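Novice: no sequence on hand, only this structure:
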């Protein structure tokens, strides 16, 4: 990406950059229907698109394609920007460009999602974009649910279903030392020292039980039998099974 100077016929080393004052003036002219100002805004913010698509490098996607899709997001942000609100254009444009690229990646993903869930997700994205255009901020999930008249849980499930999978080795921070990857931030609540110690203590406690008590616990908790079924299996009363089970569990608790 860093060595690629030309994208879609655009020489990225010669991209112009607009000042904040120039951008504001052009936005006001563009909102009034000035096509020349609109074209000037597009060409003057291509560097912004370039900076955004760098986040998606390394996914095997054509950077030319991502750049074109990012330009669509830029154009949408220019056409929908509210000049009367005190918001920087880049603050509004970057999420729009990212959203357009993510939509493109989802549509071209090999992971298949049901049509109804995909429709719900796209409706949510459209409602989200409309909310951002009106309020110049991201809606909460409750606001989105109220706007769509769809349960919050359905929206969450649908949006999660169309999210791009993330590699465990994808860096989330790169400083002066080694990069921090997603894998480094994923906690393992199962393979901990405490878990292994508990498993060892439990196994040793069970081994100290009588063969009958071990068989009862195995039938009850590993095979899912009822106390009546266990009683029929080992030919004792249900009351005896209950007493032996209770005594065995009490001994295990004390030993652990």
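Specialist: Looks like it arrived, so ask away. Note that the structure is predicted; figures quoted are calculated from it, not measured.

Novice: can you pull out the strands in the chain?
Specialist: Counting by DSSP state E, one finds strands in the chain at the ranges 6-7, 10-11, 171-173, 180-181.

Novice: the bottom helix or strand of this structure by mean pLDDT?
Specialist: strand 171-173 (a mean of 60; mean pLDDT, DSSP states H and E).

Novice: residue 127 against residue 149, yeah?
Specialist: No - in this structure, residue 127 is not within contact of residue 149 by C-beta atoms under 8 Å, at 10.2 Å. All C-beta spots, glycine's among them, are computed from the backbone N, C-alpha and C.

Novice: who has more neighbours out of those two?
Specialist: Using other C-beta atoms under 10 Å as the criterion, residue 127 and residue 149 rank with residue 127 on top: 19 against 6.

Novice: the more buried one: what's it in contact with?
Specialist: The contact partners of residue 127, by C-beta atoms under 8 Å, 6 or more residues apart in numbering, come to 139, 144, 147-148.

Novice: so which of the residues you listed wins on neighbours?
Specialist: residue 144 (21 neighbours).

Novice: for that residue, give me its contacts.
Specialist: Contacts of residue 144 (C-beta under 8 Å, 6+ apart): 124, 127-128, 131, 152, 155.

Novice: so what's it scoring on pLDDT?
Specialist: Note for residue 144: predicted pLDDT of 89.

Novice: in stretch 241-256, what counts as buried?
Specialist: Neighbour-count burial for stretch 241-256 flags 241, 244-245, 248-249, 251-252 (criterion: 16 or more other C-beta atoms under 10 Å).

Novice: low-confidence ranges, the stretch 151-256 of the chain, go.
Specialist: 163-197 (pLDDT under 70).

Novice: where along it do the helices fall?
Specialist: In the stretch 151-256 of the chain, the segments counted as helices under DSSP state H, counting those that start in this stretch are 152-161, 193-207, 211-217, 227-234, 238-255.

Novice: starting at the chain centroid, how far to the shortest one?
Specialist: Taking the mean C-alpha point of helix 211-217 and that of its whole chain, the gap between them comes to 46 Å (C-alpha atoms, centre = their mean, to the nearest Å).

Novice: buried only: go through the contacts of residue 144 for me.
Specialist: 124, 127-128, 131, 155.

Novice: in a markdown table, list those residues along with distance to residue 230.
Specialist: Below are the buried ones among the contacts of residue 144 laid out as a markdown table (distance: C-beta to C-beta, whole Å):
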| residue | distance to residue 230 |
| --- | --- |
| 124 | 51 |
| 127 | 56 |
| 128 | 55 |
| 131 | 59 |
| 155 | 47 |
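
Novice: just the closest of those to residue 15, please.
Specialist: residue 128 (29.4 Å; C-beta to C-beta).

Novice: who are the contact partners of that closest one?
Specialist: Residue 128 neighbours (C-beta under 8 Å, 6+ apart): 138-139, 144.

Novice: go through those and flag which are in helices.
Specialist: residue 144 (DSSP state H).

Novice: and which of the contacts of residue 128 is nearest residue 73?
Specialist: The closest of the contacts of residue 128, once distances to residue 73 are taken by C-beta to C-beta, is residue 138, at 15.5 Å.

Novice: what's that closest one in contact with, if anything?
Specialist: Residue 138 neighbours (C-beta under 8 Å, 6+ apart): 95, 128, 131-132.

Novice: pLDDT wise, what is it at?
Specialist: We have a pLDDT of 84 for residue 138.

Novice: what about it, distance to residue 92?
Specialist: 11 Å (C-beta to C-beta, to the nearest Å).

Novice: and for residue 55?
Specialist: Residue 55 is 17 Å from residue 92, by C-beta to C-beta.
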